[in-house]
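Asker: Model the following, please.
(one chain, ligands or ions: 2)
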Amino acid sequence: MAGGFAESGADLELVGISKRFPGFTAIEELDLTIPAGSFFALLGPSGCGKTTTLRLIAGLEEPTTGRIYLGGKDVTDTKTYRRPVNTVFQSYALFPHMSVIDNVAFGLRRRGIREARALAHEALKLVELDHVAARRPAQLSGGQQQRVALARAVVNRPALLLLDEPLGALDLKLRRQMQIELKVIQGDVGLTFLHVTHDQEEAMTMADTVAVMNKGRIEQMGAPEELYELPKTVFVANFLGQSNLFTGPVVSSGKDSIVVDIGGRKLEVPRERAQRHAGEVTIGVRPEKLQLHGAEPKAAAGTNVLGPGRVTDVSFSGVSTQYQIAIPGLGTVSLFAQNRDVGAVLREGAEVWVSWDVAHGFGVADDPADGPRFDPDDDTRSIAVQRREKLEAELEGA
Ligand SMILES: Nc1ncnc2c1ncn2[C@@H]1O[C@H](COP(=O)(O)OP(=O)(O)O)[C@@H](O)[C@H]1O
Ligand SMILES: [Mg+2]
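Answerer: Residues are numbered from 1 along each chain as shown. Ligands and ions are numbered 1, 2, ... in the order given. Just a heads-up that it's a prediction; the model follows:
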């Protein structure tokens with residue numbers, strides 16, 4: 001597509017990166033390789049260190065330890081404005097007194113590039129906004145402003161584009177639409193995108209590779225389906241979708257599977273899908289993998305059964321119904337049933353059993369007791385705003 005933008009992205013490599021602020025470690029021993037041209041998402045709750053990671057890559061913050069390589073070149077000590085990196089923030093940070101086209105051409109003009117205007121038009125075409133080039137940002141919708149911010153970043157042809165929750169300020173419908181558009185644009189320009197978000201659905205729908213970050217560390221990294229189908233820690237199992245988790249001792253361990261005693265019931269998990277094979281282990285299964293039964297199902301090889309339990313909550317959401325089922329001595333199990341019939345099929349109080357294919361279970365490396373499920377949500381937005389001001393000052397100075 002659009003000529004001039006074909007320049008491809010660069011590999012990004014972080015080696016042994018840590019970042020300590022006075023009295024607080026934000027990033028711990030981070031190792032990460034992002035191949036050129038990929039769409040990579042860094043996913044984690046507020047305060048886990050996502051923005052700090054981007055700031056380190058952009059050169060706005062110095063790592064306490066470790067090196068950063070771009071396209072094989074060590075840029076750890078390279079000044080911000082000398083790095084082939086651009087950032088798009090949650091708040092668009094467009095200049096309100098300038099037209100859209102002048103906003104996009106701004107960086108190029110500063111660098112004395114003569115075809116600035118033509119290149120800016122080309123970038124605006126890419127985000128399908130060339131027809132509003134003469135307008136002021138205030139005359140555009142939130143989604144359009146965000147696209148202008150994107151055009152302004154892409155026009156500089158950075159080897160690496162950093163996106164820090166760029167869709168966070170948009171409403172849900174617009175956000176979904178922008179997610180698709182962003183992905184198309186990334187494919188067109190072939191740049192390396194590093195997208196930061198706390199929205200698991202956003203990360204999964206957009207990225208080739210997702211890294212789940214928790215308390216300054218990457219817990220697991222892989223293709224979205226891989227992470228979802230085989231989470232390796234309690235945090236990943238709960239942060240990326242929902243999981244039913246059970247903890248108990250391994251009572252037998254065979255060539256193909258392990259059997260775990262959960263409150264007197266025996267549950268089987270494929271050996272290769274379990275991170276641990278002995279002692280106390282935590283196993284899990286996704287709510288949509290469960291089958292609901294109104295009578296006790298016949299025991300069958302390759303199937304795990306729990307019950308009887310009671311339906312304690314029925315939540316109808318159109319596409320599916322979510323059931324909460326209390327199983328004595330075991331806790332509450334969550335189940336999603338597709339609405340193939342009309343409405344919810346079972347009412348609160350109904351006696352039920354649940355079953356699932358052994359192949360769908362997984363075993364994680366840690367236990368729920370190892371830590372709280374989520375950290376207290378320390379809001380970093382105010383820090384982000386301060387930083388944006390600082391960044392704008394830095395950009396002006398560059
Ligand atoms: N300049 C700073 N001084 C001290 N602590 C900071 C600073 N910047 C960030 N932090 C802390 O580092 C942690 C990670 O912050 P941040 O990277 O902004 O998280 P995220 O973007 O994932 O929400 C937070 O606990 C935050 O309070
Ligand atoms: Mg942040």
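
Asker: Please identify the residues of the protein in proximity to ligand 2?
Answerer: The chain has residues 50-51 near ligand 2, with proximity defined as C-beta under 5 Å from the ion. Backbone N, C-alpha and C define where each C-beta goes, glycine included.

Asker: for the chain, what are the low-confidence residue spans?
Answerer: 1-9, 342-344, 370-398 (pLDDT under 70).

Asker: which residues in it form helices?
Answerer: Here the chain has its helices, by DSSP state H, at 50-58, 100-110, 116-126, 142-154, 172-189, 200-206, 224-229, 234-239, 381-397.

Asker: I'd like to know which of those is closest to ligand 1.
Answerer: helix 50-58 (3.2 Å; C-beta to the nearest ligand atom).

Asker: Check what contacts the closest one and list those residues.
Answerer: For helix 50-58, the surrounding residues in contact (C-beta atoms under 8 Å, 6 or more residues apart in numbering) are 12, 14, 17, 19, 26-27, 30, 42, 44, 61-63, 68, 80, 83, 85, 87, 160, 162, 164, 194, 196-198, 213, 380, 383-384, 387.

Asker: Ok, stretch 205-225 next?
Answerer: Residues outside stretch 205-225 that contact it (C-beta under 8 Å, 6+ apart) are 19, 25-32, 34, 38-45, 48-50, 53, 179, 182-183, 195, 203-204, 227, 231-233, 235-236, 239-240, 375.

Asker: hmm, back to that, so among the contacts of helix 50-58, which ones count as buried?
Answerer: Neighbour-count burial (16 or more other C-beta atoms under 10 Å) applied to the contacts of helix 50-58 gives 12, 14, 17, 19, 26-27, 30, 42, 44, 61, 63, 68, 80, 83, 85, 87, 160, 162, 164, 194, 196-198, 213, 380, 384, 387.

Asker: out of those residues, which are inside strands?
Answerer: Counting by DSSP state E, the part of the buried ones among the contacts of helix 50-58 found in strands is 12, 14, 17, 19, 26-27, 30, 42, 68, 85, 87, 160, 162, 164, 194, 196-197, 213.

Asker: Near ligand 1, list only the ones from those residues.
Answerer: With C-beta under 6 Å from any ligand atom as the criterion, those include Ala26 near ligand 1.

Asker: OK, contacts around Ala300?
Answerer: Going by C-beta under 8 Å, 6+ apart, Ala300 touches no other residue.

Asker: The most far-flung residue of the chain relative to its centre and ligand 1: what is the separation?
Answerer: Using C-alpha atoms, centre = their mean, the residue of the chain lying farthest from its centre is Lys298. It sits 40.0 Å away. Counting by C-beta to the nearest ligand atom, to the nearest Å, the gap from Lys298 to ligand 1 is 49 Å.

Asker: Okay, that residue and Ser355: tell me how far apart.
Answerer: 10 Å (C-beta to C-beta, to the nearest Å).

Asker: Check Leu267 too.
Answerer: Using C-beta to C-beta, Leu267 is found at 11 Å from Ser355.

Asker: Over to Gln220?
Answerer: 28 Å.

Asker: So which of those two has more stuff around it?
Answerer: Gln220 (22 against 19; other C-beta atoms under 10 Å).

Asker: Name whatever forms a beta bridge with the more buried one.
Answerer: For Gln220, the beta-bridge partners are Val212 (DSSP bridges).

Asker: State the distance from it to Thr53.
Answerer: Separation of Gln220 from Thr53 (C-beta to C-beta) stands at 16 Å.

Asker: What pairs with the lengthiest strand in the chain, parallel or antiparallel?
Answerer: Identified as the longest strand of the chain according to DSSP E is strand 303-316. Sheet partners assigned to strand 303-316 using DSSP bridges are listed as strand 320-327 (antiparallel), strand 351-357 (antiparallel).

Asker: Could you list the buried residues of that strand?
Answerer: With burial defined by 16+ other C-beta under 10 Å, the residues of strand 303-316 counted as buried are 304-307, 309, 311, 314.

Asker: Same question for stretch 243-257.
Answerer: Across stretch 243-257, burial judged by 16+ other C-beta under 10 Å covers 243-248, 250, 257.

Asker: nearest to Gly263, of the residues you listed?
Answerer: Taking C-beta to C-beta as the measure, Gly248 is the one of these closest to Gly263, at 7.1 Å.

Asker: How about the closest one, nearest residue that isn't a chain neighbour?
Answerer: Excluding the flanking residues, the one nearest Gly248 by C-beta to C-beta, 6 or more residues apart in numbering is Ile262, at 4.4 Å.

Asker: so how far is Leu191 from the one you found?
Answerer: For Ile262, the distance to Leu191 equals 48 Å [C-beta to C-beta].
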